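Participant: model the following, please.
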Amino acid sequence: MKKTGEVQRCLQPVVELRKEAAAYAYSVRAPRSKGVIPPSSYRDGGFATLADCLSDVARALGGDFSRIYVRLDGLCVGERDIAELRLEPEKVAAALKAACEINLEQLSAPGGD
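Facilitator: Prediction:
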(Lines give C-alpha, C1' and ligand atoms only; values in the text may rest on other atoms or scores of the structure.)
Protein backbone atom coordinates (compact mmCIF):
# COMPACT_ATOMS: atom_id res chain seq x y z
CA MET A 1 0.00 0.00 0.00
CA LYS A 2 1.26 3.46 -0.85
CA LYS A 3 1.89 6.09 1.78
CA THR A 4 -0.28 9.21 1.69
CA GLY A 5 2.60 11.32 0.35
CA GLU A 6 3.13 8.90 -2.53
CA VAL A 7 -0.54 8.99 -3.46
CA GLN A 8 -0.51 12.80 -3.40
CA ARG A 9 2.37 12.91 -5.90
CA CYS A 10 0.41 10.64 -8.29
CA LEU A 11 -2.68 12.86 -8.23
CA GLN A 12 -2.97 15.31 -11.11
CA PRO A 13 -5.50 18.09 -10.51
CA VAL A 14 -7.69 19.71 -13.14
CA VAL A 15 -7.29 23.48 -13.50
CA GLU A 16 -10.25 25.26 -15.09
CA LEU A 17 -9.17 28.61 -16.58
CA ARG A 18 -11.79 31.08 -17.76
CA LYS A 19 -12.22 34.64 -18.94
CA GLU A 20 -14.56 36.62 -16.69
CA ALA A 21 -15.36 40.04 -18.18
CA ALA A 22 -11.97 41.81 -18.40
CA ALA A 23 -10.06 39.39 -16.16
CA TYR A 24 -9.05 35.74 -15.90
CA ALA A 25 -9.91 33.32 -13.12
CA TYR A 26 -9.24 29.69 -12.29
CA SER A 27 -10.50 26.88 -10.13
CA VAL A 28 -8.89 23.61 -9.12
CA ARG A 29 -10.55 20.24 -8.65
CA ALA A 30 -9.59 16.60 -8.43
CA PRO A 31 -9.73 14.52 -11.62
CA ARG A 32 -13.05 12.93 -12.58
CA SER A 33 -13.76 9.81 -10.57
CA LYS A 34 -16.08 7.14 -11.98
CA GLY A 35 -17.89 9.66 -14.20
CA VAL A 36 -18.52 12.15 -11.40
CA ILE A 37 -17.02 15.63 -11.67
CA PRO A 38 -16.05 16.73 -8.15
CA PRO A 39 -16.61 20.30 -6.99
CA SER A 40 -13.80 22.84 -7.08
CA SER A 41 -11.58 22.86 -4.02
CA TYR A 42 -9.90 26.22 -4.73
CA ARG A 43 -10.75 29.35 -6.75
CA ASP A 44 -8.98 32.60 -7.51
CA GLY A 45 -9.49 35.39 -10.01
CA GLY A 46 -9.02 38.98 -11.06
CA PHE A 47 -5.88 38.36 -13.14
CA ALA A 48 -5.25 40.88 -15.93
CA THR A 49 -3.84 38.28 -18.35
CA LEU A 50 -3.94 34.54 -18.84
CA ALA A 51 -0.18 34.48 -18.20
CA ASP A 52 -0.70 36.17 -14.80
CA CYS A 53 -3.35 33.57 -14.01
CA LEU A 54 -0.99 30.72 -14.97
CA SER A 55 1.78 32.18 -12.80
CA ASP A 56 -0.57 32.12 -9.83
CA VAL A 57 -1.57 28.52 -10.61
CA ALA A 58 2.14 27.62 -10.52
CA ARG A 59 2.60 29.38 -7.16
CA ALA A 60 -0.52 27.79 -5.67
CA LEU A 61 0.09 24.21 -6.83
CA GLY A 62 3.83 23.97 -7.46
CA GLY A 63 4.73 22.71 -4.01
CA ASP A 64 2.34 19.78 -4.18
CA PHE A 65 2.01 18.79 -7.83
CA SER A 66 4.28 18.54 -10.85
CA ARG A 67 1.62 18.32 -13.61
CA ILE A 68 -1.95 19.47 -14.17
CA TYR A 69 -4.79 18.83 -16.59
CA VAL A 70 -5.88 22.13 -18.17
CA ARG A 71 -9.27 23.32 -19.40
CA LEU A 72 -9.73 26.77 -20.93
CA ASP A 73 -13.21 28.26 -21.21
CA GLY A 74 -14.75 24.82 -20.79
CA LEU A 75 -12.56 23.00 -23.34
CA CYS A 76 -9.84 20.47 -22.58
CA VAL A 77 -6.52 21.87 -23.83
CA GLY A 78 -4.13 19.22 -22.53
CA GLU A 79 -1.68 18.68 -19.71
CA ARG A 80 1.13 20.94 -18.53
CA ASP A 81 4.09 20.79 -16.18
CA ILE A 82 3.88 23.26 -13.30
CA ALA A 83 7.52 24.23 -13.98
CA GLU A 84 6.51 25.30 -17.49
CA LEU A 85 3.83 27.61 -16.06
CA ARG A 86 6.32 29.11 -13.65
CA LEU A 87 9.14 29.65 -16.18
CA GLU A 88 7.26 30.61 -19.36
CA PRO A 89 3.69 31.67 -18.55
CA GLU A 90 3.34 33.84 -21.69
CA LYS A 91 4.42 30.99 -23.97
CA VAL A 92 2.07 28.55 -22.24
CA ALA A 93 -0.80 31.06 -22.41
CA ALA A 94 -0.32 31.44 -26.17
CA ALA A 95 -0.20 27.66 -26.64
CA LEU A 96 -3.36 27.14 -24.56
CA LYS A 97 -5.25 29.82 -26.50
CA ALA A 98 -4.16 28.21 -29.79
CA ALA A 99 -5.30 24.76 -28.58
CA CYS A 100 -8.64 26.25 -27.52
CA GLU A 101 -9.10 27.83 -30.97
CA ILE A 102 -8.37 24.50 -32.68
CA ASN A 103 -10.91 22.76 -30.44
CA LEU A 104 -13.53 25.42 -31.20
CA GLU A 105 -12.92 25.11 -34.95
CA GLN A 106 -13.30 21.32 -34.77
CA LEU A 107 -16.53 21.64 -32.80
CA SER A 108 -18.01 24.15 -35.24
CA ALA A 109 -17.01 22.19 -38.37
CA PRO A 110 -19.80 20.16 -40.03
CA GLY A 111 -20.01 16.81 -38.26
CA GLY A 112 -17.82 18.09 -35.40
CA ASP A 113 -20.46 17.96 -32.69
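Participant: now do the contacts for Leu75.
Facilitator: 100, 103-104 (CB atoms under 8 Å, 6 or more residues apart in numbering). Every residue, glycine included, has its C-beta placed from N, CA and C.
Participant: could you rerun that using 10 Å?
Facilitator: Leu75 makes contact with 96, 99-104, 106-107, according to CB atoms under 10 Å, 6 or more residues apart in numbering.
Participant: mind listing the residues bridging to it?
Facilitator: Applying DSSP bridges to Leu75 gives these bridge partners: Leu72.
Participant: cool, and Leu17?
Facilitator: Applying DSSP bridges to Leu17 gives these bridge partners: Tyr26, Leu72.
Participant: tell me the confidence at it?
Facilitator: On pLDDT, Leu17 comes in at 97.
Participant: thought it was touching Ala99?
Facilitator: No. Applying CB atoms under 10 Å, one finds Leu17 not in contact with Ala99, separated by 11.5 Å.
Participant: tell me the buried residues in stretch 70-90?
Facilitator: 70-72, 75, 77, 80, 82, 84-85, 89 (16 or more other CB atoms under 10 Å).
Participant: number of nearby residues for Ile68?
Facilitator: Ile68 has 22 neighbours, counted by other CB atoms under 10 Å.
Participant: for the residue found closest to it once you drop the neighbours it is linked to in the chain, helix, strand, or coil?
Facilitator: Once flanking residues are discounted, Ile68 sits nearest to Val15: 4.9 Å by CB to CB, 6 or more residues apart in numbering. Secondary structure, DSSP: H, G, I helix; E, B strand; the rest coil: Val15 is strand.
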